[in-house]
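Asker: okay, here's the prediction I keep looking at, along with the sequence it came from:
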Amino acid sequence: MTVPMPMQEIITGNFAPFRWVISPPNPIRVVDWNIDRGLHLQGIVNFLKDMNADVLILQEVDINARRTHGLNIAEEIARKLQMNYAFGREFEELTQGSEASPAYHGQATLSRWSISSPRVIRFRRQSNFWRPHWFLPRVQLFQERLGGRIALVAEINVAGCKLVTYNLHLESRANDELRVSQMDEVLSDSARYGPQCMLVVGGDLNLDVSKHSAAMTLARAGFRDALGATPNPTTPPRRLFEPGRQIDWAFVRGPIQTDGGQVHRRVHASDHYPVSFNLIQPGASQLSIWCHTP
């Protein structure tokens with residue numbers, strides 16, 4: 001049985017084997033993916049195993065939900081891939097658990113390296129679309145929830161190099177103005193890290209950044225698109241003649257470069273396609289990069 005946890009509590013687990021390293025890997029491979037609760041867990045694990053990534057940024061991750069057989073999906077993936085993980089709770093899923101055995105839903109960041117200081121930014125502005133209403137029956141169709149959208153922040157120690165990841169899931173049931181306000185909270189928080197810190201902001205933004213002023217906001221904050229400028233849908237088509245939506249994004253800041261950005265459109269283990277890219281640290285074999293927070 002999953003133990004109830006306060007809204008801000010984070011679950012962690014360490015399954016990566018200890019290893020001696022002299023310098024960080026170069027490149028560092030990152031996968032960013034909304035895994036649709038983990039409904040097709042074996043397909044998700046198979047793809048991630050083939051990718052052999054160093055860091056995973058996952059959204060829509062279940063813990064103890066009926067639809068995913070009561071599993072801690074983040075821990076299942078971490079065990080099978082021998083990685084460490086941090087899970088931040090976004091919602092309590094009221095139709096997926098019980099008072100005695102609640103079900104949760106949120107974001108998980110996994111790494112082959114140690115994860116420290118995980119924390120949650122619970123956005124100040126929320127749509128309230130998901131909250132329970134007395135006139136709605138408590139059935140799965142209405143997805144009644146307690147909680148709200150978050151960013152999960154984690155610091156990853158990659159052999160002496162600190163990599164900070166912001167794992168986002170912006171609101172789907174609102175307008176772009178609300179989503180941009182949630183993004184602004186993340187960018188404001190990222191200002192605490194100095195210019196020598198490696199930062200990744202990624203996730204399901206429910207927003208086509210390329211067609212919005214959010215692109216300029218990210219650029220002013222020093223972030224660059226990790227996947228390249230070529231438009232590429234990150235969800236399958238939902239209607240005839242619709243190409244899909246480009247709503248999953250990743251951005252980087254700091255003394256790193258990116259290459260190999262890809263949307264894996266042949267993977268059908270979720271209602272989103274996984275995206276991947278490489279982080280390249282110039283001179284990483286000779287220099288360890290550290291960042292400090294105030």
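Answerer: That came through, no problem. Numbers count the residues shown, from 1 in each chain.
Asker: in the stretch 151-294 of the chain, which spans are strands?
Answerer: 161-169, 198-204, 224-225, 248-253, 257-263, 275-280 (DSSP state E, counting those that start in this stretch).
Asker: so the longest helix along the chain versus strand 161-169, what angle?
Answerer: Ranked by number of residues, the top helix in the chain under DSSP state H is helix 176-190. Helix 176-190 and strand 161-169 are oriented at 160 degrees to each other (axes from the mean of the first three to the mean of the last three C-alpha atoms, to 10 degrees).
Asker: you'd agree S114 is up against N84?
Answerer: Yes - distance between S114 and N84: 6.3 Å, which falls inside the contact criterion (C-beta atoms under 8 Å). Backbone N, C-alpha and C define where each C-beta goes, glycine included.
Asker: which residues are in contact with each of the two?
Answerer: 14, 16 (C-beta atoms under 8 Å, 6 or more residues apart in numbering).
Asker: out of the two, which sits in the busier spot?
Answerer: Neighbours per residue, other C-beta atoms under 10 Å: of S114 and N84, the larger number sits with N84, 20 against 14.
Asker: got the contact list for the more buried one?
Answerer: By C-beta under 8 Å, 6+ apart, the contact set of N84 is 12-16, 78, 110-115.
Asker: I'd like the distance between N46 and H268.
Answerer: To H268, N46 is 12 Å away according to C-beta to C-beta, to the nearest Å.
Asker: where in the stretch 101-250 of the chain is pLDDT low?
Answerer: 129-143, 229-231 (pLDDT under 70).
Asker: again, only this time at 90
Answerer: Scanning the stretch 101-250 of the chain for pLDDT under 90 picks out 127-147, 158-161, 172-175, 195-196, 210-214, 228-232, 237-244.
Asker: do a quick rundown of the helices in it.
Answerer: Ranges of helices within the stretch 101-250 of the chain are 176-190, 214-220, based on DSSP state H, counting those that start in this stretch.
Asker: between strand 198-204 and the first one, find me the angle.
Answerer: What that stands for is helix 176-190. Using the same axes, to 10 degrees: helix 176-190 against strand 198-204 is 160 degrees.
Asker: now do helix 176-190: everything it contacts.
Answerer: By C-beta under 8 Å, 6+ apart, helix 176-190 touches 121, 123-125, 127, 149, 151, 153, 164, 166, 168, 170-171, 199, 201, 205-207, 212-214, 217-218, 221, 223, 253.
Asker: just the buried residues from these, in ChimeraX please.
Answerer: To isolate the buried ones among the contacts of helix 176-190 in ChimeraX, judged by 16 or more other C-beta atoms under 10 Å, type:
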select :121,123,125,127,149,151,153,164,166,168,170,171,199,201,205,206,207,212,214,218,221,223,253
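Asker: about what we covered before: with distance to G38 as extra columns, can I get the strands of the stretch 151-294 of the chain in CSV?
Answerer: Below are the strands of the stretch 151-294 of the chain laid out as CSV (distance: least, C-beta to C-beta, whole Å):
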stretch, distance to G38
strand 161-169, 14
strand 198-204, 14
strand 224-225, 28
strand 248-253, 17
strand 257-263, 20
strand 275-280, 18
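Asker: closest to G97 out of the ones you listed?
Answerer: strand 161-169 (19.5 Å; C-beta to C-beta).
Asker: I'd assumed I57 was in contact with N167.
Answerer: Yes - look at N167 against I57 with C-beta under 8 Å: they come within range, at 4.8 Å.
Asker: now for the two: what residues contact both?
Answerer: Common contacts of N167 and I57 (C-beta under 8 Å, 6+ apart): 107, 109, 202-203.
Asker: dump those residues to TSV, plus neighbour count and distance to A159.
Answerer: Shown next, in TSV, are the shared contacts of N167 and I57 (neighbours: other C-beta atoms under 10 Å; distance: C-beta to C-beta, whole Å):
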residue	neighbour count	distance to A159
Q107	28	25
T109	28	18
G202	26	21
G203	26	25
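Asker: for those residues, which one is nearest P195?
Answerer: G202 (19.7 Å).
Asker: so that closest one versus R119, what's the distance?
Answerer: 17 Å.
Asker: one step back: out of the helices of the stretch 101-250 of the chain, which is closest to P236?
Answerer: Comparing the helices of the stretch 101-250 of the chain by C-beta to C-beta, helix 176-190 comes nearest, at 21.3 Å.
Asker: that closest one: how far from the chain's middle?
Answerer: Relative to its parent chain, helix 176-190 has a centroid offset of 15 Å by C-alpha atoms, centre = their mean, to the nearest Å.
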